[in-house]
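Enquirer: Make a model of this:
(chains A, B, C and D)
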2 protein chains.
Amino acid sequence: MVAIIHDGENRAKLETILEAARKRIGTYGFEKTTMQEIAADLRISKATLYYYFPDKESLFSAVVESEMEEFFSLVRKMTQRLKRTDHMLQEYVSLRHDFFRTFVNLTRLRISNISQFNTQFRDLKTRLRREEAGLITGILRKGRETGQFSCSDEEGTALLFLEVLHGLRMVTAQNKPFPEISAEDFEAIAGKQRQFLQLFVKSLIK
Amino acid sequence: MVAIIHDGENRAKLETILEAARKRIGTYGFEKTTMQEIAADLRISKATLYYYFPDKESLFSAVVESEMEEFFSLVRKMTQRLKRTDHMLQEYVSLRHDFFRTFVNLTRLRISNISQFNTQFRDLKTRLRREEAGLITGILRKGRETGQFSCSDEEGTALLFLEVLHGLRMVTAQNKPFPEISAEDFEAIAGKQRQFLQLFVKSLIK
DNA sequence: TGTTTGACTATTTAATTTAACGGGTCAAAG
DNA sequence: CTTTGACCCGTTAAATTAAATAGTCAAACA
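Expert: This next block holds a predicted model:
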């Protein structure tokens, strides 16, 4: 049997591995998490890990993917629950912020090392980016259809929106040695993002 | 006589030193520019350099300061020339972009090394930041006074504006090895900043 | 007196070597 | 089908050493 097939009890084992990996990554980041450590946490051998995942990259990609899927799921539920599209954007920023708070170390992966990771990782990143842009585009479209927003080029606007959020995060967190993204920093990021959101919405409601 | 006093011909000598330092820094950045090299370019001894500037940090700060002053001067002239405040913002972004294009390597200074520089450098940075914020605040105020913009909290808005521009620059230039901020990257940054500017102005013209 | 310099030092940084570690494989066992 | 210990090899980290570099200063000079 091959690891890629997810059936029954095998699926459960994969889940426990993902969970262990997620904990390690969430605390120490990609670089500082070894396969040996994950195996030790699960009290299995490293070779067994390699029986379920062909390589480190695949395991880590799977972790990121599952985390992102959960985030997307929350977002979708939220968009169905809310009526006002400006509130959707607001909630989106809030959810995304919480998500990144628990997943910081993941983002701490050094750029230089990203390039070392095979195309697989880069592909995942761009896919998630696209998916995220799709969600925002959807909200903007809905805003236009319901007469709440006036916006031409929803796609371009959505990309700009995401890049500005990303940029504000970077600018604030930039010169922190390493684990030192403090609670205040997170609050500062949230504040700036809210301020931007206000401005953004204002530009849409014309 | 002490280097800090800038009179007559002494001033001229300081200028030539600043010019030589500026060239080196502009090409190789702070870290990779040595006092020896600057001295060699001027065909003077390193000790002479230290006669005019107490240390490397002071010389480099002086270079950055003079560059920034020139930029600010251009901006002020521009604001007096133009009537429409939205055009002022547009021109500001354009000027700033050109300025940073010629001064990239300066920004390449590693954050970790910035902290090594004494408070002096950090002070300069915050002072310039404040000055820049003042310029934008001025434009926003003028916009409100002339009825072109409606904006409460001009200061906060100005800071956000600058941080978003900075953020967009970072996000685009982030994962470039070193000297590889290509012309395309610069164009991409400019494009995103223009797009944001459009949105920003829209939110102000209510 | 103001300016320039070569020779010097003390610290940082870079280059070099060496040891440890981590990703990944595999034959064999359960 | 699943698990494992033992193994390999390339990368990284630690330790050691060599080279630069920021900064000083007494002496020369204009």
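
Enquirer: Just give the closest residue to the residue nearest the centre of chain A, not the sequence neighbours.
Expert: Compute the mean C-alpha point of chain A, and by Cα atoms, centre = their mean the closest residue is residue A:68, 4.8 Å away. The shortest distance from residue A:68 to any residue other than its chain neighbours is 5.1 Å, reached at residue A:128 (Cβ to Cβ, 6 or more residues apart in numbering or on different chains). C-beta: built from backbone N, CA, C; applies to glycine.

Enquirer: Could you pull up the residues touching the one you found?
Expert: Shown here is residue A:128, whose contacts under the criterion Cβ atoms under 8 Å, 6 or more residues apart in numbering or on different chains are A:64, A:65, A:68.

Enquirer: For the helix or strand containing it, buried residues please.
Expert: When elements are assigned from DSSP states H and E, residue A:128 belongs to helix A:119-145. Judged by neighbour count using 16 or more other Cβ atoms under 10 Å in any protein chain shown, the buried positions of helix A:119-145 are A:121, A:124, A:128, A:132-133, A:135-144.

Enquirer: Could you check how far residue A:26 is from residue B:65?
Expert: From residue A:26 over to residue B:65 the distance is 43 Å, taken as Cβ to Cβ, to the nearest Å.

Enquirer: residues contacting the residue of chain A found nearest chain B?
Expert: Residue nearest to chain B within chain A: residue A:167 (2.2 Å; Cβ to the nearest Cβ). With contact set as Cβ under 8 Å, 6+ apart, residue A:167 has these partners: B:163, B:164, B:166, B:167, B:168, B:169, B:170, B:171.

Enquirer: Skipping its backbone neighbours, what lies nearest the second one in space?
Expert: Distances taken as Cβ to Cβ, 6+ apart place residue A:164 nearest to residue B:164, at 5.4 Å, with adjacent residues excluded.

Enquirer: Report the distance from the helix or strand where that neighbour lies to the chain centre.
Expert: Secondary-structure element containing residue A:164, defined by DSSP H and E: helix A:154-173. Taking Cα atoms, centre = their mean, to the nearest Å, one finds the center of helix A:154-173 at 14 Å from the center of the full chain.

Enquirer: go on, stretch A:11-27?
Expert: On the basis of Cα atoms, centre = their mean, the separation between the geometric centre of stretch A:11-27 and that of its chain is 16 Å.

Enquirer: List the buried residues in it.
Expert: Taking 16+ other Cβ under 10 Å as the basis for neighbour counts, the residues of stretch A:11-27 that come out buried are A:13, A:14, A:17, A:18, A:20, A:21, A:22, A:24, A:25, A:26.

Enquirer: Over to the fifth one. Which of the three states is it?
Expert: The three-state assignment at residue A:20 reads helix, by DSSP: H, G, I helix; E, B strand; the rest coil.

Enquirer: In contact with it, which residues?
Expert: The neighbours of residue A:20, taking Cβ under 8 Å, 6+ apart as the test, are A:38, A:41, A:42.

Enquirer: State the pLDDT value of the second one.
Expert: By that I understand residue A:41. At residue A:41 the predicted local confidence, pLDDT, stands at 96.

Enquirer: tell me which element it falls in.
Expert: For residue A:41, the enclosing helix or strand under DSSP H and E is helix A:35-42.

Enquirer: hang on, the earlier thing: restrict the buried residues of stretch A:11-27 to contacts with DNA strand D.
Expert: Under the cut-off given by Cβ under 7 Å from any atom of the strand, DNA strand D has residue A:13 from the buried residues of stretch A:11-27 close to it.

Enquirer: how about the buried residues of stretch A:11-27 in TSV, adding pLDDT?
Expert: Output for the buried residues of stretch A:11-27, formatted as TSV (pLDDT from 0 to 100):
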residue	pLDDT
A:13	90
A:14	93
A:17	96
A:18	95
A:20	95
A:21	94
A:22	91
A:24	90
A:25	86
A:26	82
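
Enquirer: Taking the buried residues of stretch A:11-27, tell me the two that lie furthest apart.
Expert: A:13 and A:26 (20.3 Å; Cβ to Cβ).

Enquirer: one step back: just the buried positions in the helix holding residue A:164, please.
Expert: The neighbour-count criterion (16+ other Cβ under 10 Å) identifies A:154, A:157-173 as the buried residues of helix A:154-173.

Enquirer: Give me the buried positions along stretch A:39-59.
Expert: So stretch A:39-59, judged by 16+ other Cβ under 10 Å, has buried residues A:39, A:42, A:44, A:49, A:52, A:53, A:56, A:57, A:58, A:59.

Enquirer: That one near DNA strand D at all?
Expert: Yes. Using Cβ under 7 Å from any atom of the strand, stretch A:39-59 reaches DNA strand D at A:44, A:45, A:46, A:47, A:48, A:50, A:51, A:52.

Enquirer: so how far is the first residue of that stretch from its last?
Expert: As for stretch A:39-59, its first-to-last residue distance stands at 12 Å under the measure Cα to Cα, to the nearest Å.

Enquirer: Excluding chain neighbours, give the residue nearest to residue A:157 in space.
Expert: Excluding its sequence neighbours, the residue lying closest to residue A:157 (Cβ to Cβ, 6+ apart) is residue A:151, at 5.6 Å.

Enquirer: show me what contacts that neighbour?
Expert: A:140, A:143, A:144, A:157, A:204.

Enquirer: which residues sit in contact with the last one?
Expert: By Cβ under 8 Å, 6+ apart, the residues touching residue A:204 are A:86, A:140, A:143, A:149, A:150, A:151.

Enquirer: Any figure for the gap between the residue nearest to residue A:65 when sequence neighbours are not counted and residue A:61?
Expert: Nearest residue to residue A:65 in three dimensions, chain neighbours excluded: residue A:124, at 6.4 Å (Cβ to Cβ, 6+ apart). Here residue A:124 is placed at a distance of 5 Å from residue A:61 (Cβ to Cβ).
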